[in-house]
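**Q** here's a sequence, model it:
(one chain, ligands or ions: 2)
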Amino acid sequence: MKKISILGSTGSIGTQTIDIVRLNSDVEVVGLSAHKNIDLLEKQIREFKPQVASIWEEDDAKLLKDRVKDIDVRIVFGMEGLIEVACINESDIIVTAVVGMIGIQPTIAAIKAKKNIALANKETLVCAGHIIMPLAREMNINIYPVDSEHSAIFQCLDKNNPVKKILLTASGGPFRGFTKEELKNVTLEDALKHPNWSMGKKITIDSATMINKGLEIIEASHLFDMDIDDIEVVIQKESIIHSMVEFKDNGIIAQLGTPDMKLPISYALFYPERRYISEARVDFNTLSTINFSKPDPEVFEGLKMAISAGKRGGSAPTVLNAANEWAVDKFLNNKIKFIDIPYLIGMALDNHEFTKNPSIEDILYLEKWTEEFLERIKI
Ligand code: NDP
Ligand code: MG
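**A** Ligands and ions are numbered 1, 2, ... in the order given. Model prediction:
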């Protein structure tokens, strides 16, 4: 029996992980966690009867405890609660499906507790990859990528040959082909309409700004120990090729599939086994063409900034990511415009005090500094 804990079980990746669990009778859910969605968390607790479940606020935890008093489950809250779910003794693998830097501390705690990680929460690796990857090696645990591109790369690796280049594919998002001028007037509603993928709101906006691809470049550089310069973004608007790797002999291996996260989630949970998934398959009778193009870094400035922050390393990726999280939240609440997102990231990057090798404490401080700095900027 494989025992799993899910951090962020009520979100897009969390609920799809649960769909995979339902398909496999040899998986047991021992830990669940949510931020605010108490109704769905209660349903999940009733269905899976985990040992521990966490919710963010103490008051919600009290309410939840009362609602599930007929079930033998410990209800915990806050960061301590999240860490407890990440470190349950019996668990074999933790699915990190929370959104944002909130995932850093529980992921590190889980690795220290010798848990394998199925990693969806890319922000954690973007900010703290330089700490997490060596720690994972030291603790002898595996980090299995859930992000579709990184899962694709992982599926394409050849243990006998080093990768020369990663070709990271991107759909280009809802504003593919837009000019800088056209981006000035896009609305929140436009930005939330991703052409191919159905995902949580934050990553949907990140896809529209293409900052998601920048975060993924940094994520890939940590996961596969590659130079940022050896990772190239290729726009492939159908989202059928999930990424490719190129070897020394110029041979390229690609992984293809429908735009559905079930395969990467299932592959991360059951690696090296491939399990049955009933979803639609790629049909080459209806798919007549696959198109390729290049992203325009002058239009998608956030992508350009992310690449440059990735190359600079140190504190830069954390500030980029923290500023992006702050700005996306404001955009989702209609407080700023779409094009303010890269502007604010640029301001935070230009004004922060660069450090070369930030510790976890430094990273958490930089997050706070970034938020306070951006609060003071008038747009
Ligand atoms: P969602 O917004 O759909 O879900 C986020 C989850 O995290 C929810 O369960 C939410 O709880 C929970 N959460 C947020 N804050 C906390 C907290 N403080 N404590 C506990 N739980 C918390 O996001 P996605 O599923 O889309 O994305 C999750 C991660 O996976 C992101 O890092 C994203 O970049 C990455 N990813 C997602 C993909 C996708 O297809 N969705 C694809 C590739 C990567 P609640 O529901 O209560 O708010
Ligand atoms: Mg992705």
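
**Q** how close does whichever residue of the stretch 201-350 of the chain sits closest to ligand 1 sit to ligand 2?
**A** Proximity of the stretch 201-350 of the chain to ligand 1 (Cβ to the nearest ligand atom) peaks at I203, 4.1 Å away. Every residue, glycine included, has its C-beta placed from N, CA and C. Distance of I203 to ligand 2, given as Cβ to the ion, to the nearest Å: 8 Å.

**Q** again, but for F224
**A** 14 Å.

**Q** show me what contacts that residue?
**A** H150, I153, L157, V163, I166 (Cβ atoms under 8 Å, 6 or more residues apart in numbering).

**Q** can you pull the buried residues of stretch 59-75?
**A** D60, A61, L64, K65, R67, V68, V73, I75 (16 or more other Cβ atoms under 10 Å).

**Q** closest one to E189 out of these, please.
**A** Ranked by distance to E189 (Cβ to Cβ), these are led by D60 at 29.6 Å.

**Q** chain neighbours aside, what residue packs nearest to that closest one?
**A** I38 (5.4 Å; Cβ to Cβ, 6 or more residues apart in numbering).

**Q** returning to what we had before: ok, which pair from the contacts of F224 is furthest apart?
**A** So, these by Cβ to Cβ: farthest apart are H150 and V163, at 12.6 Å.

**Q** and those two? Which one has more around it.
**A** More crowded of H150 and V163, by other Cβ atoms under 10 Å: H150, with 28 against 19.

**Q** can you tell me which residues contact the more buried one?
**A** Counting by Cβ under 8 Å, 6+ apart, H150 makes contact with E216, E219, A220, L223, F224, S243.

**Q** thinking again about what came up before, and the residue of the stretch 201-350 of the chain closest to ligand 1, which of the three is it?
**A** For I203, the assignment made with DSSP: H, G, I helix; E, B strand; the rest coil gives helix.

**Q** now the residue nearest to S293 when sequence neighbours are not counted: how far from G172?
**A** Once flanking residues are discounted, S293 sits nearest to I235: 4.5 Å by Cβ to Cβ, 6+ apart. I235 is 5 Å from G172, where distance means Cβ to Cβ, to the nearest Å.

**Q** any residues in contact with both of those two?
**A** Counting by Cβ under 8 Å, 6+ apart, the residues touching both I235 and G172 are S293, P295.

**Q** and these two? which has more neighbours close in?
**A** G172 (26 against 19).

**Q** what pLDDT does that one get?
**A** Predicted confidence (pLDDT) for G172: 96.

**Q** ramachandran angles for the closest residue to ligand 1 within the chain?
**A** Per Cβ to the nearest ligand atom, G11 is where the chain lies closest to ligand 1, at 1.9 Å. Main-chain dihedrals, G11, degrees, to the nearest 10: phi -90, psi -170.

**Q** now F77
**A** According to degrees, to the nearest 10, F77 has phi -150, psi 170.

**Q** so what's the residue count around it?
**A** 21.

**Q** so the closest residue to D329 other than its chain neighbours versus M1, what's the distance?
**A** Spatial nearest neighbour of D329, chain neighbours left out: K202 (7.8 Å); criterion: Cβ to Cβ, 6+ apart. According to Cβ to Cβ, K202 stands 33 Å off from M1.

**Q** which one's more surrounded, the two?
**A** Legend: neighbour count by other Cβ under 10 Å for K202 and M1, higher for K202 (20 against 8).
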